[in-house]
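Novice: Sequence unavailable; structure follows:
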């Protein structure tokens with residue numbers, strides 16, 4: 001087991017942890033992520049679910065992502081903080097919203113996706129690998 005990574009929602013009703021560092025991190029400019037990130041890119045860290053633990057109530061919403069995948073998004077029903085997303089076709093991996101992590105320093109993006117959906121004022125770091133839509137594979 002690696003480093004314990006913890007997080008939670010704004011009001012404290014939901015707490016979660018993973019027993020290891022994230023598999024990867026990225027910024028996403030798809031239109032759906034812009035809704036959840038108040039018009040900006042959503043920053044996410046990817047974790048294996050094997051060491052995932054959560055306490056507190058969760059609400060969820062299932063929708064189709066810009067990639068065509070069925071995604072279940074989970075959030076705190078009390079304060080509305082976006083917490084997790086899961087591609088229902090790829091079990092075993094959970095996307096965690098970096099803003100919900102206690103240590104947001106571990107969430108710095110390694111790449112950016114859906115750059116063609118970013119507004120003209122949106123910042124896409126030229127020093128990171130990027131993809132105009134959803135990455136292949």
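Specialist: Nice, thanks for sending it over. Since we're looking at a predicted model, the values are computed, not measured. Numbering: from 1, shown residues only.
Novice: Return the list of helices and strands in contact with the one helix or strand in the chain whose mean pLDDT sits lowest.
Specialist: Scoring the helices and strands of the chain by mean pLDDT, DSSP states H and E places helix 31-36 at the bottom, with a mean of 88. Helices and strands touching helix 31-36, as assessed by 3 or more CB pairs under 8 Å, 6 or more residues apart in numbering; DSSP states H and E, comprise strand 42-48. All C-beta atoms are positioned from the backbone trio N, CA, C, and that covers glycine.
Novice: Go through whichever helix or strand comes after the strand it packs on and flag the buried ones.
Specialist: The helix or strand immediately downstream of strand 42-48 is strand 53-55, counting by DSSP states H and E. Neighbour counts over strand 53-55 (16 or more other CB atoms under 10 Å) mark residue 54 as buried.
Novice: one step back: and the least confident helix or strand of the chain, what's buried?
Specialist: 32, 33, 34, 36.
Novice: Can you pull out the residues in contact with the helix or strand encompassing residue 95?
Specialist: For residue 95, the element it lies in under DSSP H and E is strand 93-97. With contacts defined as CB atoms under 8 Å, 6 or more residues apart in numbering, strand 93-97 is touched by 7, 16, 18, 22-23, 36, 42-49, 52, 81-87.
Novice: Could you list every helix and strand that the helix or strand just after it packs against?
Specialist: Next helix or strand after strand 93-97 toward the C-terminus (DSSP H and E): strand 111-113. Judged by 3+ CB pairs under 8 Å, 6+ apart, strand 111-113 is in contact with strand 24-28.
Novice: neighbouring strands for the strand it packs on, and are they parallel or not?
Specialist: For strand 24-28, the paired strands and their directions (DSSP bridges) are strand 42-48 (antiparallel), strand 111-113 (parallel).
Novice: picking up where we left off before, partner strands of the strand holding residue 95, with direction?
Specialist: When DSSP bridges is applied, strand 93-97 pairs with strand 42-48 (antiparallel), strand 82-87 (antiparallel).
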